[in-house]
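Participant: sequence and predicted structure, then a few things I'm wondering about:
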Amino acid sequence: MFVHTTVLKVKPENVPAVVDLLTNEKMMAILRSTQGLSHAYVLESTEEPGKVISQTFWASMADARNGFSSPAYTALLGDLRPILIAAPERFSYNLLQDVILK
């Protein structure tokens, strides 16, 4: 499994707008139809208000690359651009172990 993390920095008052752009019905439909994407998280830093993390989990690096090269992802970046105060930072990881505690 492959994990992709994107760090978005916005003014704290714009966090709800970021969450809406990442999770609205239009985006959910796109995410559900994206090959290899299993789940995603949207997080906000407790130490740095306005620092939002989008974390996505993929079946493979190839699936993630295809997802991030799609027109839908390009459109999402365009929608986010007006409220970002810094360029998005992207990080990629191989998931070595998934530990599930009940």
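Facilitator: Done, it's in.
Participant: so the most centrally placed residue in the chain bridges to which residues?
Facilitator: Centroid-nearest residue in the chain: Ser54, 3.1 Å away (criterion: C-alpha atoms, centre = their mean). Ser54 has these beta-bridge partners by DSSP bridges: Thr6, Val42.
Participant: so how far is Lys102 from it?
Facilitator: The spacing between Ser54 and Lys102, counted by C-beta to C-beta, to the nearest Å, is 27 Å. Placement of C-beta: from N, CA and C, glycine included.
Participant: residues contacting the lowest-mean-pLDDT helix or strand in the chain, please?
Facilitator: Each helix and strand of the chain was given a mean pLDDT (mean pLDDT, DSSP states H and E); the minimum falls on helix 25-32 at a mean of 88. By C-beta atoms under 8 Å, 6 or more residues apart in numbering, the list of residues contacting helix 25-32 from outside reads Leu21, Leu37, Ala40, Ala72, Leu76.
Participant: what's the most distant pair in these?
Facilitator: Leu21 and Leu37 (16.8 Å; C-beta to C-beta).
Participant: and those two? which has more neighbours close in?
Facilitator: A count of neighbours by other C-beta atoms under 10 Å puts Leu37 above the other of Leu21 and Leu37, at 19 against 16.
Participant: ok, back up a step: any chance of the contacts of helix 25-32 in CSV, plus distance to Ala86?
Facilitator: Output for those, formatted as CSV (distance: C-beta to C-beta, whole Å):
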residue, distance to Ala86
Leu21, 16
Leu37, 25
Ala40, 21
Ala72, 23
Leu76, 17
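Participant: on that earlier part again, wait, the residue nearest to the centre of the chain touches Thr23, no?
Facilitator: No - assessed by C-beta atoms under 8 Å, Ser54 is found out of contact with Thr23, at 9.8 Å.
Participant: Gln35 and Ala29, how far apart?
Facilitator: To Ala29, Gln35 is 14 Å away according to C-beta to C-beta.
Participant: again but with Gln97, I slipped
Facilitator: The gap separating Gln97 from Ala29 is 32 Å, by C-beta to C-beta.
Participant: wasn't Glu48 part of a helix?
Facilitator: No - according to DSSP: H, G, I helix; E, B strand; the rest coil, Glu48 belongs to no helix; its state is coil.
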